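Colleague: Give the three-dimensional model of this entry:
(one chain, ligands or ions: 1)
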Amino acid sequence: MISKQLTVWLASSVFAVGAAQAHDHGGHHHGAGVAPSSDEPPLGVKIEDCWIRALPTHLPSAAYFKVRNESTAPITLSGVQTDAFAHAMLHASRDENGMAKMMHAEPIVIPAGGEFAFKTSNGYHVMLEQARQALEMGSSQTLSFLFDRGGPLSVDCIVKPPSALE
Ligand SMILES: [Cu+2]
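Modeller: Next up is the predicted model:
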């Protein structure tokens, strides 16, 4: 798992360096202070127990996980990306007059030392629409979580059957 993540990170780093060099022409030199567009994930921030509740391909699947902030500053979870599905969104569902309504989750601030769980019992989920390939139970899919600082944090999420609750 780690080597896969590292490979992805290295590949994106190489791309970023190439892009930076391509722009460095005409005598302008911006120095070393310019951060690459894809830097390392935020230090001390972890995604744990990520899993996907797989539904048949014509229905949206959902992912659940816990984000733990072991850094010394608040961090904001703002989005999610994946190559495994055509669409991935942070969603929150709420009960309104007995009807379950789903909407984009607002960016979620996790205080230093805090954690926040997307779980089946609180309505928070990653909405995953249009799997690019059939999801095999027990396999894993990579989700990349986006924060207000640092680069994407990629984790492997285990695919579980529709009946799974955690
Ligand atoms: Cu949803």
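Colleague: CA only for contacts and neighbour counts going forward, please
Modeller: OK.
Colleague: which residues does residue 144 contact?
Modeller: Applying Cα atoms under 8 Å, 6 or more residues apart in numbering to residue 144 gives the contacts 80, 81, 82, 152, 153, 154, 155.
Colleague: Between those, which sits nearest the ion?
Modeller: For the ion, the closest of those turns out to be residue 80, at 13.0 Å, with distances computed as Cα to the ion.
Colleague: wait, isn't that closest one in contact with residue 153?
Modeller: No: the pair residue 80 / residue 153 is not scored as a contact, 9.2 Å apart, by Cα atoms under 8 Å.
Colleague: and the residue of the chain found nearest the ion, how many residues sit next to it?
Modeller: In the chain, the residue that lies nearest the ion is residue 127 (4.4 Å; Cα to the ion). Neighbours of residue 127 under the rule other Cα atoms under 10 Å: 22.
Colleague: and the host helix or strand of it, how far from the chain's centre?
Modeller: Secondary structure assigned from DSSP states H and E places residue 127 in strand 124-131. If you compare the mean C-alpha spot of strand 124-131 with that of the full chain, they lie 11 Å apart, counting by Cα atoms, centre = their mean, to the nearest Å.
Colleague: Equivalent analysis for stretch 93-113, please.
Modeller: On Cα atoms, centre = their mean, the centre of stretch 93-113 falls 17 Å from that of its chain.
Colleague: same deal with stretch 80-96?
Modeller: With Cα atoms, centre = their mean, you get 10 Å for stretch 80-96.
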